[in-house]
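K.L.:
fold the following and give me the result.
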Amino acid sequence: MNHYKTKTPEEKIAIVQKSAATRLRNKQIKAEELRLQLIRKDVVEIKIAELKEERDQLEREIVLGNLSAKLTNKTMLTESEVVNGCQPWDKAVGVYFLIKNKSVVYVGQSTSVYSRISTHQQTKDFDSIAWVPCEPYMLDRLESLYIHTFRPPLNGNMNNGYKSAPMSLDRIFYEGEK
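P.N.:
Predicted coordinates:
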């Protein structure tokens, strides 16, 4: 027996509307599932491409690292090792040390340490460098402390035998107590 025939015209319209709404909702669900599948496929393809590039990079590093070891007896750092050991360029503010035969021979300061050190190549005798980063407002105080502590031979002398520094010890301690 067909139950549809026993329905009133209003019930038949409601059944048809409900059926149409269900089909529309099912189509929307399928469309959304398809869209998500395409997104997942794109994500997977992107990840595959990234992994292939990473594999190729590692292969290059291995081949060239082995070549470097043969040619120079030195191994190369990986890109991640270089990047992990980097310092921001804008942080090249600090107190620097010129070193000769494992002794500090000069202490200076700069807001551009690398540029400043390069200007000393013609005028000062040193074989290595080091530097301590600090904020620009602390340069005079920190440089002065190092000069007064290390008394490097290439820093200038004052008449009283002390090394020339931006700040005297009295001034450093007096301002430090404020």
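
K.L.:
from the contact counts, what lies against the one helix or strand in the chain whose mean pLDDT sits lowest?
P.N.:
Across the helices and strands of the chain, mean pLDDT, DSSP states H and E gives its lowest value to helix 169-176, namely a mean of 78. Secondary-structure packing of helix 169-176 (3 or more C-beta pairs under 8 Å, 6 or more residues apart in numbering; DSSP states H and E): helix 139-150. Quick note: C-beta positions are derived from backbone N, CA and C, even for glycine.

K.L.:
helices or strands up against the helix it packs on?
P.N.:
Judged by 3+ C-beta pairs under 8 Å, 6+ apart, helix 139-150 is in contact with strand 94-100, strand 103-110, helix 169-176.

K.L.:
thinking again about what came up before, just the CA trace of the least confident helix or strand of the chain, in CSV.
P.N.:
C-alpha atoms of helix 169-176 as CSV (Å, rounded to 0.1, in the frame of the first residue of the first chain):
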residue,chain,number,x,y,z
LEU,A,169,86.3,55.0,38.2
ASP,A,170,85.0,57.6,40.6
ARG,A,171,82.3,58.7,38.1
ILE,A,172,81.3,55.1,37.3
PHE,A,173,80.9,54.3,41.0
TYR,A,174,79.2,57.6,41.8
GLU,A,175,76.7,57.3,39.0
GLY,A,176,76.2,53.6,39.9
